[in-house]
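Student: got a structure for you, letters missing:
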């Protein structure tokens with residue numbers, strides 16, 4: 001038998017009121033308490049119009065304080081409210097399961113203790129990226145990864161796929177503190193050196209920042225790889241690296257399937273209906 005308290009984690013997308021799905025809106029309206037992590041007053045005011053019992057968890061962020069500690073405090077706050085018998089709705093901007101620690105940890109902990117806990121999807125920055133930049137990840141494939149992880153770990157890099165590096169303005173920062181970004185950070189220089197092993201100096205990259213308001217345009221700035229360390233970045237900046245070229249065919253597999261290059265559409269994709 002499940003305990004009385006419950007948790008519904010929802011995402012409101014990047015544009016409050018416009019991206020939110022019908023189910024997410026209903027959970028916000030019907031909750032006993034709504035715990036929110038949203039980036040602006042417009043989003044907060046819109047949520048207050050749906051449910052007056054709002055608590056803003058962004059107040060847990062503090063300059064110089066480890067984000068890991070903040071995430072732990074957010075998680076514990078969500079768990080405590082549910083265990084007090086409340087029907088809780090935790091609201092995060094974008095997708096509530098993408099680059100969000102507290103949502104996953106709270107659900108895992110509550111489920112193990114017999115509480116009902118679920119997550120609904122939301123429109124993430126990556127969804128807007130594909131739309132704003134007219135990129136179909138099905139054509140060449142896509143590697144989507146946090147920038148510092150890409151730099152610190154030895155892992156295969158598919159240069160024939162799109163590479164999306166999140167939080168590029170914080171690359172090399174392992175402290176998890178809310179510090180100002182620095183365009184001359186050593187991490188960016190090391191990334192440039194790494195990419196130059198596989199891409200030419202003039203390979204075109206894109207700096208992208210999704211818009212959180214419909215009246216504003218997203219940041220879409222084209223730069224060459226050689227210019228990478230000269231570009232002003234923010235914590236919201238994302239770097240998109242297009243494929244260096246089409247991937248070469250696997251001759252052995254092609255022969256086994258009795259196929260020639262002309263038999264295959266390049267790049268492989270599903271025909272439009």
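Tutor: Ah, there it is. Keep in mind that this is a model prediction, so the values were computed, not measured.
Student: make it CA atoms for all contacts and neighbour counts henceforth
Tutor: OK.
Student: check the offset of the helix or strand where residue 255 lies from the chain's centre.
Tutor: Remark: residue 255 resides in helix 251-256, with elements defined by DSSP states H and E. For helix 251-256, the distance from its own C-alpha centre to the chain's C-alpha centre is 37 Å (C-alpha atoms, centre = their mean, to the nearest Å).
Student: over to stretch 45-57?
Tutor: Relative to its chain's centre, stretch 45-57 lies at 23 Å (C-alpha atoms, centre = their mean).
Student: ends of that stretch, how far apart?
Tutor: Length of stretch 45-57, first residue to last, C-alpha to C-alpha, to the nearest Å: 15 Å.
Student: before we move on, what about stretch 118-130?
Tutor: 27 Å.
Student: and if you look at stretch 81-97?
Tutor: Across stretch 81-97, the terminal residues are separated by 20 Å (C-alpha to C-alpha).
Student: show me the contact partners of that stretch.
Tutor: Applying C-alpha atoms under 8 Å, 6 or more residues apart in numbering, the external contacts of stretch 81-97 come out as 3-14, 16, 27-28, 31-39, 78, 103-104, 119-125.
Student: from those, which ones fall inside helices?
Tutor: Using DSSP state H, the subset of those located in helices is 27-28, 78, 103-104, 125.
Student: dump these to TSV, plus distance to residue 44, pLDDT and neighbour count.
Tutor: Shown next, in TSV, are the ones in helices among the contacts of stretch 81-97 (distance: C-alpha to C-alpha, whole Å; pLDDT from 0 to 100; neighbours: other C-alpha atoms under 10 Å):
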residue	distance to residue 44	pLDDT	neighbour count
27	16	97	23
28	12	97	24
78	18	98	24
103	18	97	26
104	22	97	16
125	19	95	23
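Student: farthest-apart pair in those, please.
Tutor: Spanning the widest gap among the ones in helices among the contacts of stretch 81-97 are 78 and 125, at 24.1 Å by C-alpha to C-alpha.
Student: now do the same end-to-end measure for stretch 198-212.
Tutor: 34 Å.
Student: so residue 92 versus residue 260, what's the distance?
Tutor: 49 Å.
Student: over to residue 118?
Tutor: With distances taken as C-alpha to C-alpha, residue 118 is found 48 Å from residue 260.
Student: thanks a lot, see you next time.
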